[in-house]
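# Okay, structure incoming, though there's no sequence with it:
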């Protein structure tokens, strides 16, 4: 008898909680007509969208690479480093094969005038790190690898196409000078 009473009691409690829970999920009340000064606040609440994702930013970095004499350097590779990549003596650290694959897949080369355009899409950052590497040996001179830290300033971000998770496009023009080895 006691077991039956406990089962009945549990069933009633679960039923009551389910009914209360379901009724609280959907509200049938209409929003009161806003007064003139409250209209934007109500409109904002009505248009709010819930999104799932991660904020992103487009990066477009243009530049020119020159030697110490101011002459353009062609066939230099430029990479945008991902967060957490470690560099020692101008070289990326980690598994050599994976580093080589990543560098080859994400780099852009300078043209005969030393110019490059690097595009990337990633999370918004306060700073972008670039790795500039001389990969052609002595063909156009021998240069040290260089790591540049470029601050992402709000004035360098174009927000005209921003929306949703896209925070806009970071545009930067750089002049990079390499040192001879």
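Yep, it's here. It should be emphasised that the depicted structure is a prediction, and the values quoted were computed from it without experimental measurement.

# Let me know how buried the closest residue to residue 71 other than its chain neighbours is, in neighbour terms.
Counting by Cβ to Cβ, 6 or more residues apart in numbering, the nearest residue to residue 71 once its immediate chain neighbours are dropped is residue 114, at 8.0 Å. Where C-beta positions appear, they are placed from N, C-alpha and C, glycine not excepted. When neighbours are counted by other Cβ atoms under 10 Å, residue 114 registers 21.

# so where is this structure shaky, pLDDT-wise?
Applying pLDDT under 70 to the chain picks out residues 19-51, 83-84, 89-90.

# Ramachandran angles for the residue nearest to the spatial centre of it?
Here the mean C-alpha position of the chain is nearest to the C-alpha of residue 123 (Cα atoms, centre = their mean), at a distance of 1.4 Å. Residue 123 adopts backbone torsions of phi -70, psi 150, taken as degrees, to the nearest 10.

# Quick one: distance of the helix ranked longest in the chain to the chain centre.
In the chain, assigned by DSSP state H, the helix with the most residues is helix 2-25. Relative to the centre of its chain, helix 2-25 is centred 48 Å away, using Cα atoms, centre = their mean, to the nearest Å.

# For residue 129, which non-adjacent residue is closest in space?
Of all residues beyond its chain neighbours, the one nearest residue 129 is residue 81 (4.2 Å), with distances taken as Cβ to Cβ, 6+ apart.

# Who are the contact partners of that neighbour?
Residues counted as contacts of residue 81 (Cβ atoms under 8 Å, 6 or more residues apart in numbering) are 87, 92, 129, 130, 131, 147.

# Spit out the contact partners of residue 98.
By Cβ under 8 Å, 6+ apart, residue 98 has no neighbours at all.

# host element of it?
With elements taken from DSSP states H and E, the one containing residue 98 is helix 96-106.

# so what's the backbone phi/psi at the residue nearest to residue 71?
Backbone phi and psi, for residue 114 under degrees, to the nearest 10, turn out to be phi 80, psi 10.
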